[in-house]
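Visitor: quick one, structure for this:
(one chain, ligands or ions: 1)
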Amino acid sequence: MIKLEHLSFPYALEDITCTLTQGKLIGIMGANGAGKSTLLKAIAGILTPKSGQIWLNNRKLSGISPQQKSRQLAYLAQNIQIHWDLSTYDVIALGLLPPYSNLSSHNKEQQKVRSVAEKFAVAPLLDKPFKQLSGGEKARVQLARCCIKEAPLLLADEPIAPLDPYYQIDIMQQLKALMPDRTCVIAIHHLSLAYRFCDEVILLGGGKIIASGATQSVLTEDNLAAAFGIRAQIDPLRREIFAVEKSVD
Ligand SMILES: Nc1ncnc2c1ncn2[C@@H]1O[C@H](COP(=O)(O)OP(=O)(O)OP(=O)(O)O)[C@@H](O)[C@H]1O
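Guide: Numbering: from 1, shown residues only. From the prediction side, this is the model:
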């Protein structure tokens, strides 16, 4: 379980307090600049809050060593660039934890890379130079790199934003399939896919939490209006959000 207690960043977040349930797919949502990436980076231990505390399984995040953190969590940033001449295979294998040095480990490595590449539909691209992949292909490869180490906590900043409609659904299904063994926290703008797939949502606005908890109690017409300035219709039975319009010009 992840507990955020009175977390503040002077430029982005103010007094964020909430609990993220283990084994759930959790969406962080909010308008551009609402603080989603800042919150994810704080949970990943990349940014240190000015005040407040993050608890990871009853341990203060600030007291966990980088090595332990690397075993506990995987973090996928927005728009990662890779400037070296690596194949798709190499990029995915970068995510593996050591040791992978002797022959049997090499075979194991190949099996793991192939298996995760199949999950994220990038197996046919394994021999291709990573630099030559399209934006959406790169995004799926980066997600595969993060998933391969099987850390209990996966944090991903807008993982489906560069994907086409088929792969947006497919990747949400893949992430959902990681539950309940893992916990997955993603920043996401796609309203209807968040509503359909996320178990919980933290909805941010003006640096504060507008609402957090079970998705259907957070993504209400009033909360969407407050967070984004939009009107939307919600069908809780079919788990759909539709007819999205600006509420003000
Ligand atoms: N290092 C920094 N110094 C000052 N301001 C920053 C810094 N990093 C982010 N900000 C500001 O903090 C706010 C939150 O940024 P953040 O990237 O967390 O937003 P976001 O919700 O992820 O936005 P988006 O949907 O556009 O990706 C923004 O107003 C941004 O300009």
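Visitor: C-alpha from now on. contacts and neighbour counts both.
Guide: Will do.
Visitor: let me know the pLDDT of residue 99.
Guide: For residue 99, the pLDDT comes out at 64.
Visitor: flag the shaky bits of this structure, pLDDT-wise.
Guide: 99-104, 249 (pLDDT under 70).
Visitor: for it, which residues are neighbours of the ligand?
Guide: 11, 12, 31, 32, 33, 34, 35, 36, 37, 38 (C-alpha under 6 Å from any ligand atom).
Visitor: ok, longest helix in this structure?
Guide: Counting by DSSP state H, the longest helix found in the chain is helix 103-119.
Visitor: so how far is that one from its chain's centroid?
Guide: For helix 103-119, the gap between its own C-alpha mean and the chain's C-alpha mean amounts to 23 Å (C-alpha atoms, centre = their mean, to the nearest Å).
Visitor: same check on stretch 107-125?
Guide: On the basis of C-alpha atoms, centre = their mean, stretch 107-125 sits 20 Å off its chain's mean C-alpha point.
Visitor: send me it as PDB with only the CA atoms.
Guide: Output of stretch 107-125 as PDB, limited to C-alpha atoms (Å, rounded to 0.1, in the frame of the first residue of the first chain):
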ATOM      1  CA  ASN A 107      18.900 -18.100 -22.400                       C
ATOM      2  CA  LYS A 108      16.700 -17.000 -19.600                       C
ATOM      3  CA  GLU A 109      17.200 -13.400 -20.600                       C
ATOM      4  CA  GLN A 110      16.100 -14.200 -24.200                       C
ATOM      5  CA  GLN A 111      13.000 -16.000 -23.000                       C
ATOM      6  CA  LYS A 112      12.000 -13.100 -20.700                       C
ATOM      7  CA  VAL A 113      12.600 -10.500 -23.400                       C
ATOM      8  CA  ARG A 114      10.600 -12.500 -25.900                       C
ATOM      9  CA  SER A 115       7.700 -13.100 -23.500                       C
ATOM     10  CA  VAL A 116       7.300  -9.500 -22.500                       C
ATOM     11  CA  ALA A 117       7.800  -8.400 -26.100                       C
ATOM     12  CA  GLU A 118       4.900 -10.600 -27.100                       C
ATOM     13  CA  LYS A 119       2.700  -9.200 -24.300                       C
ATOM     14  CA  PHE A 120       3.300  -5.600 -25.600                       C
ATOM     15  CA  ALA A 121       3.100  -6.700 -29.300                       C
ATOM     16  CA  VAL A 122       6.700  -5.700 -30.200                       C
ATOM     17  CA  ALA A 123       8.100  -9.200 -30.700                       C
ATOM     18  CA  PRO A 124       8.400  -8.600 -34.500                       C
ATOM     19  CA  LEU A 125      10.500  -5.500 -33.800                       C
END
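Visitor: which residues touch that stretch?
Guide: Stretch 107-125 has contacts (C-alpha atoms under 8 Å, 6 or more residues apart in numbering) with 88-89, 92-93, 100, 126, 137, 140-141, 143-144, 147-148, 171, 174.
Visitor: on that earlier part again, could the residues of the chain next to the ligand go into CSV alongside neighbour count?
Guide: Listed next are those as CSV, based on neighbours: other C-alpha atoms under 10 Å:
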residue, neighbour count
11, 10
12, 16
31, 17
32, 11
33, 14
34, 22
35, 24
36, 27
37, 21
38, 20
